[in-house]
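Enquirer: sequence plus predicted model, see below.
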Amino acid sequence: MSDDELIEDFYTKQGGKAHLSADIWFFGSDWNMLMDVVDKISKLHDSKFHYDVDKIKDGDWPKDDEYMEVIALPMATPISDTYSAVVKFIKYYNQTKP
């Protein structure tokens, strides 16, 4: 499964409307599509899923009891870094989801 397919799968499982199959390849270049996913991640804001961006960027995977927070990315973060953080979060989420 590609990263874009991974994002689309997560997005639809979180209640997002499915995109046309040709459109899912634009998560890495379309802020509107990507921010819809970030919004879904921010709604997971319970005691388990927050995202420490610096730890993930450095490859230091958090322990299950650590908080993770995608929404902590600075406003000026390039779309490529936001995309990478979203993909890493979804992979982590899929491994640890309740």
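Expert: Nice, I can see it. Residues are numbered from 1 along each chain as shown.

Enquirer: lowest-confidence helix or strand of this structure?
Expert: Using mean pLDDT, DSSP states H and E, helix 53-57 stands out as the lowest-scoring helix or strand of the chain, at a mean of 54.

Enquirer: roughly how far is the longest helix seen in the chain from the heart of the chain?
Expert: Ranked by number of residues, the top helix in the chain under DSSP state H is helix 79-96. Mean C-alpha position of helix 79-96 versus that of the full chain (CA atoms, centre = their mean, to the nearest Å) differs by 4 Å.

Enquirer: so where is this protein shaky, pLDDT-wise?
Expert: Segments of the chain classed as low confidence (criterion: pLDDT under 70) are 45-72, 98.

Enquirer: spatially central residue for it, please.
Expert: The geometric centre of the chain, computed from its C-alpha atoms, lies nearest to V86 (CA atoms, centre = their mean), at 2.5 Å.

Enquirer: ranges for the helices of this protein?
Expert: Listed in chain order (using DSSP H), the helices of the chain are 3-13, 31-42, 53-57, 79-96.

Enquirer: measure the residue of the chain most remote from its centre to F89 for me?
Expert: In the chain, the greatest distance from the average C-alpha position (CA atoms, centre = their mean) is reached by A22, at 20.1 Å. Applying CB to CB, to the nearest Å, the value for A22 to F89 is 25 Å. Just so you know, the C-beta spots here come from the backbone N, C-alpha and C atoms, and that holds for glycine as well.
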